[in-house]
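J.: Provided below for reference: sequence and predicted model.
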Amino acid sequence: MFKKINLVVAACAALVAMQAGAQVTDNVVKIGVLTDMAGVTADITGKGSLVAAQMAVQEFGNTVLGKPIQVISGDHQHKNDLGASIARQWYDTDKVDVIVDVPNSAIALAVQGIAKQAKKLVLYSGAGTTALTNEQCSPYGFHWTYDTYAMAHGTASAVVKAGGKSWFLLASDYAFGAQLAKDTSEVVVAEGGKVLGTVKHPLNLADFSSLLLQAQSSGANVIGVANAGNDTINAIKQAGEFGITQKGQNLAAMILMINDVHSLGLAAAQGTYLTTASYWDMNAKTRAWSKAFMEKTGAMPSMLQAGVYGSVLHYLKAVKAAGTDDADKVAAAMRAMPINDAFTENALIRADGRVLRDMYLAKVKTPATSKYAWDYFEIVRKIPAADSVIPLSASKCPLVAKK
Amino acid sequence: MDSFLGISYPALFGQLMIGLINGSFYALLSLGLAVIFGMLHVVNFAHGAQYMLGAFFAWFLLNMLGISYWQALLIAPLAVAIFGVLIEKFLLSRLRGKDPIYGLLLTFGLAMTLEGTFQYFYGSSGRTYAVPEGLTGGLHLGFMYLPIYRAWVIVASLLVCAATWYLIEKTKVGMYLRAATEKSLQTQSFGINVPLLITLTYAVGAGLAAFAGVLAAPIYQVGALMGQNMIIVVFAIVVIGGMGSILGAVATAYLLGLVEAITKIYYPQGSSIAVFVVMAVVLMIRPAGLFGKE
Amino acid sequence: MADSSSIKSQWHMTAALAFVCVATLIAAPFFLYPILLAKLLCFALFACAFNLLIGYVGLLSFGHAAFFGIAAYTTAHALKEWGFAAELGLLIGVFVSAVIGFLIGLLAIRRQGIYFSMITLALAQLVYFFCLQAPFTHGEDGIQNVPRGLWFGLIDLNNLSALYYVVATLCVFGYLVIWRVVNSPFGNILKAIRENEPRAISLGYRVQRYKLAAFVISASLAGLAGGLKALVFQLATLNDVSWSLSGEVVLMTLLGGIGTLFGPVVGASLIISLESMLAGSEFPLQIILGLIFIFCVLSFSRGIVGEATRILSRKNSLPNSLR
């Protein structure tokens, strides 16, 4: 009798498992938004990325080459095997043509390999590792919005030029943080500055006070915060608490999104330098798009979400131009056309898959100068594309022809 | 010699002071946990979530109802304590005869549910809570700039720990509590309402966690996951201190704050596992914990 | 007379069940996505290995992911950097997890109850930290693009069906090992220790050795699951040694039934399928899992398989002795 139950239970288990393998037909252009819906990056990607993709489809006209366009989403929860299995399943059985977003560099690297095997496209907006266009570059993977190099170079070089010659770095003890810190140090030194010290902290550290104290006593002009998400928020908040900015030291955040500033509040974040690929309030086009986005999501778009929109739009334009959704032809069309959307003007895709776009150096406004909701950034200047990407001569990408 | 192992004395004192501040948080949380485990033999995995609830409640009170920090310090722990009463009465009490593992697993599931709920509604970046009016600014101590609020944290924590210890060890109520949890049958036969006392004990533990949460709100972001990282460390502290001993837990908490401070000077990456190294070492030498009685 | 015929019918049932299981396993990849199936099997094995400790020895390990993950890393590294064949890579992974299991077990076994759990947690966190810092793991990027190669030089593991069958065979093997351990004199001694340790000691058994042996077996099988997972997904990352994975395996086992042989398989299958199903929706998985946890503990403390067994054995008024 015990055994009989095992039988029934086994059958049930199989039935339940069966739900996970749905099948779909192929007369449709399918876009898969692989993102983090409820975890640490949910605010800067997540549902907003899905909405951004949907808005791109809508702007394009909802059909391409007579076929309907479908947008689906998948939550990888920052679990690598879940992300990898969703990507595999999407490409292999669910007939997804392109995957977009993918916040989380480890998952992005995994998807890079999977996409190469499946010969299908992936457009990264959420991930930031330079490996995607360097050692691990692929003809099917395009790095759309930002990478650690761009963030470090943008902010660090501008701040050093503005007079911040001595730096102290707080980096998260993660490959990502280490890369950010390394890129920042290189720029500071190259521009004639000095790095007085670097301190690494474990991820999700709640209390930065002792590290900030070390930064304070080093006497550096600038404290570079080379981490992301909650770590950045906590570090900036506590820096304010310990009177660091009042005493004349500046904060430079390597990765700071508008949503982070929203939850920090201007009082705590004011004066922080950051680099961004886009900002909602730059011109009439960005404002119009962002207001529509805000109506659907309740928040202004982060640069990552704006990037998802841009990548999907460009992809659809390329499908139309190529006359097919075959990955190789679409990739060629994507490279041939300049990228234009509400946030981007004449950007291009490089041989290694990196999108060459202008970045912007911004500073967080003081509460007094902020006039309306979400009026957080003051755009200081534009950083031309050539200055924010690894030069091809230094690239380790096998796709780049060596002279 | 004006430096010690590569760090100047003023800097060292600054770091140790910060260690004491962190120790205060750990002490409040360990206190609640030790009370619940010591008296009820329940491993309250929901403690981190209750800490988070306290912080969110304070935020809610301030931003929705305009109730200030000082009142929140009383109201939030009370509210979470009532919630604790409900948990104990309707969930935990059903497990009273069973293997303690089930209590652990239940509170673990509870923590998951609570944290998941707050994450769903408030996202992961959390919310900011302002430092209350009277406690802004800082003192120039010479060796460091000490924010007044952080000094307040040390004071509040010491006061509450002392008060709780006094309540449990020296008052009549505390005596009843101890009797109820150590020898429940006999105590009940004296006409004392043992189930009520047990429920109250759990509520007190939860309330202590919430109090720590309110204290934490102005310093750390009020986020759904703020308790998750704390809880493992606090558990380790209670284990190191000896799970039956309340004073042991508090003392170990301050000790650990100092150990972490020293680690952050010389090897900051390792500060999050310092507690585990200490725990592994202590449990091998003194299996019952530093102050435990077994 | 009644006894021998009921024993005979039990054997018939076992054979029938085994046949059905094997048939399902063989037929499954024709209906379901092989990678998902392979994932289910890996986690089922992991949960079974964990269950060996909690269900049959009474020790709740909070750091079981350490064994799963360290084997995943080792196998991945062996396959990618040293160019080992798949079967050798797995063997090395299992060996490493056995060694780590021995070391952790040595320290943890001295204590009981919650102390045991906390030590396993602490030591697992140290393993996590090691994996974070060690250069060969590449931090949070993990070891990517692990080549699958050939199985015994013959079967190309890049063929998903072939991969699935190899994984299935090994997982069944692991399950049989557990079954054999439980239903053996060694297993009986473990049960005796769980039920009344002082008595077992007084009977002359070196209790610590038995517990340690069980711990190492559990760690090795968890390592096998981890190595297989690295093979299936071609990557090994920090998730595999994380505390949240340790928590997940507790949930899987609890849901399926602590102390039942088949329970963890059911629990793992359900949780993985749930994760997969909800991935495409906006449903808060965390909240659902938490509620399932609470529900399981309160009412289903025997787990699905255990509860089902109890109901049916009551109906047929047969003694519920098959544990």
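T.: Done, it's in. Residues are numbered from 1 along each chain as shown, chains lettered A, B, ... in the order given.
J.: In the stretch 251-400 of chain A, which residue sits closest to chain B?
T.: With Cβ to the nearest Cβ as the measure, residue A:263 is the residue of the stretch 251-400 of chain A nearest to chain B, at 4.2 Å. For the C-beta atoms, the positions are set from N, CA and C on the backbone; glycine is no exception.
J.: name the element that residue belongs to?
T.: Using DSSP states H and E, residue A:263 falls within helix A:258-264.
J.: Residue B:239 now?
T.: helix B:226-241.
J.: Output that helix as PDB, nothing but the C-alphas.
T.: Output of helix B:226-241 as PDB, limited to C-alpha atoms (Å, rounded to 0.1, in the frame of the first residue of the first chain):
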ATOM      1  CA  MET B 226      17.600  44.000   6.500                       C
ATOM      2  CA  GLY B 227      16.900  41.200   9.000                       C
ATOM      3  CA  GLN B 228      18.200  38.400   6.800                       C
ATOM      4  CA  ASN B 229      21.900  39.200   7.100                       C
ATOM      5  CA  MET B 230      21.600  40.000  10.700                       C
ATOM      6  CA  ILE B 231      19.800  36.900  11.800                       C
ATOM      7  CA  ILE B 232      22.600  34.400  11.100                       C
ATOM      8  CA  VAL B 233      25.200  36.500  12.900                       C
ATOM      9  CA  VAL B 234      22.900  37.000  15.900                       C
ATOM     10  CA  PHE B 235      22.200  33.300  16.000                       C
ATOM     11  CA  ALA B 236      25.900  32.600  16.000                       C
ATOM     12  CA  ILE B 237      26.300  35.100  18.900                       C
ATOM     13  CA  VAL B 238      23.700  33.400  21.000                       C
ATOM     14  CA  VAL B 239      25.300  30.000  20.300                       C
ATOM     15  CA  ILE B 240      28.700  31.300  21.200                       C
ATOM     16  CA  GLY B 241      27.400  32.900  24.400                       C
END
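J.: ranges for the helices of chain C?
T.: Assigned by DSSP state H, chain C shows helices spanning C:2-27, C:34-56, C:65-80, C:86-108, C:113-133, C:160-182, C:185-195, C:197-202, C:207-233, C:243-256, C:263-278, C:285-298, C:303-315.
J.: helices or strands up against the fourth one?
T.: Translated: helix C:86-108. Other elements packing on helix C:86-108 under the criterion 3 or more Cβ pairs under 8 Å, 6 or more residues apart in numbering or on different chains; DSSP states H and E are helix C:65-80, helix C:113-133, strand C:150-151, helix C:207-233.
J.: swap in the last one?
T.: Counting contacts by 3+ Cβ pairs under 8 Å, 6+ apart, helix C:303-315 is packed against helix A:2-18, helix C:243-256, helix C:263-278.
J.: Check whether stretch B:19-38 comes near chain A.
T.: Yes - Stretch B:19-38 lies within reach of chain A by Cβ under 8 Å from any Cβ of the partner chain, at B:19, B:21, B:22.
J.: How much space separates residue C:278 from residue C:293?
T.: From residue C:278 over to residue C:293 the distance is 16 Å, taken as Cβ to Cβ, to the nearest Å.
J.: How about residue B:237?
T.: Applying Cβ to Cβ, the value for residue B:237 to residue C:293 is 25 Å.
J.: So between the two, which is more surrounded?
T.: Comparing residue B:237 with residue C:293 by neighbour count (other Cβ atoms under 10 Å in any protein chain shown), the higher total belongs to residue B:237, at 30 against 24.
J.: Who are the contact partners of that one?
T.: Going by Cβ atoms under 8 Å, 6 or more residues apart in numbering or on different chains, residue B:237 touches B:26, B:30, B:249, B:252, B:253, B:256, B:275.
J.: and the stretch 51-200 of chain A, which residues reach chain C?
T.: By Cβ under 8 Å from any Cβ, the part of the stretch 51-200 of chain A that sits against chain C consists of A:72-82, A:84-86, A:88-89, A:92-93, A:105-106, A:109-110, A:113, A:129, A:131, A:136, A:173-176, A:178.
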